[in-house]
Every structure is written in structure tokens, then in C-alpha cells.
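Asks: Can you look at this prediction? I've put the sequence above it.
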Amino acid sequence: MDDMILLAEVAETGSFTRAGERIGMPKSTVSQRIAQLEARLGLRLLNRSTRHVSLTGSGQVYLEYCRRVRAEVSAANMAMTNLREQPVGKLKITCPEVTATYFMPSFLHGFTTQFPGIAIELIATNRHLNIIRERVDFAFRVGTTTGQDIIIRRISSIKRVLVAAPAFLASGIPLREPTDLLRRRCLVHDAQPEWVFSSDDTPLVLRPPPAATSDSMGFLLQSCIAGDGIALLPAYVCKPSVAVGRLVELFPGWEVRPYEMMLIFPHLKNHSKAQVAFRDYVNAFDFSRFAAGTP
């Protein structure tokens, strides 16, 4: 123990014996350490009697510095304890490009605020990475997923809406029902060539001839806003544009089949504290606003 902290204990207890009992050190060792401190400083810090010790004038001045050192050491030890108990490390996460842009920033901000010792590497890609080979901790994916040595958990259904720009709708034939889409320009995600609608539980499956295809929801959104055609997009992506009139939602009386967002992670015997913290965070997160596309 630092001799300055030791002096503070002696001064506050008024006894070498009681100070030794508090810190688990023999009285003789306490007395010897204080004597060595006084020798190094060239000053007498304590008045000694057979029953009691008290501070000299020099000791009073020195005690204030000793207390500051003790407080700093205590704070440092607490910080190290927190670091040891708090999850630390790095998580490698992958998700679709559109999810990385429109959802992950606020979602991960909440996580890293709660666990500041965990660093995030986010890989935004529409490719299905091999999470075992690529050493990915967690993958957010849309639709059906299979594989060995992985755990798959359904996170949420994601609402989709059919949208177009007002200027686009003002030209060409009117859109009264989904089959009219077959005669208008449609912007199609290459992984979702079928658009499935239902009204009164009656399904209607369309494969609109695409005027443009892409694996980028961001590209489809911006093309739709520019008036290039009709797109089927996740509600959380296009609802802000609908709210300000840049896009119009089509066929509100028809439901569009949602898609499922899944969380995938390796099947390991022992997960790190950081991995457990993220998994628990996902399990506790309320995805309802994200799923519905509400602000």
C-alpha cells in the first residue's frame, strides 16, 4: 500500500494499531512505514505518545495530499473493476445495405451507449457472407436462411409498402388495382421478383416486368422518388418520404406480404461477454416501430 494512503489511515484512526487492523497490517509494520516516509520527506508528520498519535503542522498539510491520492487510487481501482465486469472487445456484424443505412445507426447507438467498451465493425452488404469462415459474430438477414453450426432467430416481420412519386402517378394509366402494375414501370429488387398482395385473405401473386432491377433498396428508393417507376420497399425506408409528400402509398386496401428479419450467429459452446450482451440487447429491443416503419 502507498505510504501516503497509510498515513491517511493512521491520521483518521489516531492509532497505529487501529490503522493496522483496518488495512490488515501489523502495528509494527505500520509504524516502520510511517517512520520511513518521514525520513524521506525530512519532516516529522506525527506526534507519538504511548496511547495516541496526532498530526504535526506538517502532517496536517501533507494529509490533504494523502487524501487526494487515496481518492484517486480508489477511483482507479473502481474503474478497473468496472472494466473487468463490463463486456469489452469487438463485434463483427453484417446486415443488408438498406438496414445499415436506415436502421443500424440508432440501433447500435443505443447498444454502444450501454456498453461503451464494445467496438463495432459493421459490414453492409447484400451478399450472404459465410459467418463461420468470415468470423462474423452476428448477421441480420431477410428471408429464409439455413446452415450448419449456426443459430437462427426470428427478430421481426417487416412491413412493405408499394410507392411511387406523385409526378409519375399523374402520367400514364390510373392505378386502380394491383394488376394495373403490369402495365406501368416497376422497380424491382432482384431478390424479390414476386409481389404478393392480399385482400379479404385472397392472395394475388404478381411478377411485374421490371423497368429496372437492383440489389440496392437505396437505389430503388431514390429512383422511385425521381419518378422513374413504382417500387415495393420496406416501410421504414420509404415512410419518411411518404410523410412529406415525395412518395404516395398505393393500394392501401391491399396488404403486401411482409418479410422476416432474422438474426444469425455461430453455434458456440462459449460466447464472449460482448456476444452475450449483444444477443440480450437484441432480445430486449422493441422492434415494433421499426417493423411498422413508424418514426
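Replies: Noted; the coordinates are in hand.
Asks: all strands for the stretch 51-200 of the chain, in order.
Replies: Using DSSP state E, counting those that start in this stretch, the strands of the stretch 51-200 of the chain run over residues 53-55, 89-95, 118-124, 138-142, 150-158, 160-164, 186-189, 195-199.
Asks: Minimum distance to residue 63: which of these has it?
Replies: The stretch from those with the least distance to residue 63 (Cβ to Cβ) is strand 53-55; that distance is 6.1 Å. For every residue, glycine as well, the C-beta is placed using N, CA and C.
Asks: Run through who's touching the closest one.
Replies: The contact list for strand 53-55, computed with Cβ atoms under 8 Å, 6 or more residues apart in numbering, reads 10-11, 14-16, 45-47, 63.
Asks: 10 Å instead?
Replies: Among residues not part of strand 53-55, those counted as contacts by Cβ atoms under 10 Å, 6 or more residues apart in numbering are 7, 10-11, 13-17, 19, 31, 34, 44-48, 59-63.
Asks: which of these count as buried?
Replies: A residue is treated as buried here by neighbour count (16 or more other Cβ atoms under 10 Å); on that basis the buried members of the contacts of strand 53-55 are 7, 10-11, 13, 15-16, 19, 31, 34, 45-46, 59, 62-63.
Asks: Make CSV out of those residues and add distance to residue 238, secondary structure and pLDDT.
Replies: Written out in CSV, the entries for the buried ones among the contacts of strand 53-55 read as follows (distance: Cβ to Cβ, whole Å; DSSP: H, G, I helix; E, B strand; the rest coil; pLDDT from 0 to 100):
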residue, distance to residue 238, secondary structure, pLDDT
7, 69, helix, 88
10, 71, helix, 89
11, 69, helix, 88
13, 70, helix, 88
15, 75, coil, 88
16, 76, helix, 89
19, 70, helix, 87
31, 78, helix, 90
34, 74, helix, 90
45, 74, coil, 92
46, 76, strand, 92
59, 73, helix, 89
62, 69, helix, 92
63, 67, helix, 90
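Asks: And those residues, which two are furthest apart?
Replies: Across those, the two members that end up farthest from each other (Cβ to Cβ) are 15 and 62, 18.3 Å apart.
Asks: circling back: export the strands of the stretch 51-200 of the chain to JSON lines and append columns for distance to residue 280.
Replies: Below are these laid out as JSON lines (distance: least, Cβ to Cβ, whole Å):
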{"stretch": "strand 53-55", "distance to residue 280": "52"}
{"stretch": "strand 89-95", "distance to residue 280": "13"}
{"stretch": "strand 118-124", "distance to residue 280": "12"}
{"stretch": "strand 138-142", "distance to residue 280": "12"}
{"stretch": "strand 150-158", "distance to residue 280": "12"}
{"stretch": "strand 160-164", "distance to residue 280": "29"}
{"stretch": "strand 186-189", "distance to residue 280": "32"}
{"stretch": "strand 195-199", "distance to residue 280": "34"}
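Asks: do you know which of these lies nearest residue 285?
Replies: Between residue 285 and these, the shortest gap by Cβ to Cβ is with strand 150-158, which sits at 8.5 Å.
Asks: List the buried residues of the lowest-mean-pLDDT helix or strand in the chain.
Replies: The helix or strand with the lowest mean pLDDT-type score in the chain, counting by mean pLDDT, DSSP states H and E, is helix 288-292 (a mean of 79). Judged by neighbour count using 16+ other Cβ under 10 Å, the buried positions of helix 288-292 are 290-291.
Asks: if I look at residue 125, how far off is residue 263?
Replies: Taking Cβ to Cβ, to the nearest Å as the measure, residue 125 falls 16 Å from residue 263.
Asks: just residue 289 next, same as before
Replies: In this structure, residue 289 and residue 263 are 18 Å apart, going by Cβ to Cβ.
Asks: confidence score at residue 211?
Replies: Reading off the per-residue confidence, residue 211 sits at a pLDDT of 94.
Asks: swap in residue 214?
Replies: Residue-level confidence at residue 214 comes out at 94, pLDDT.
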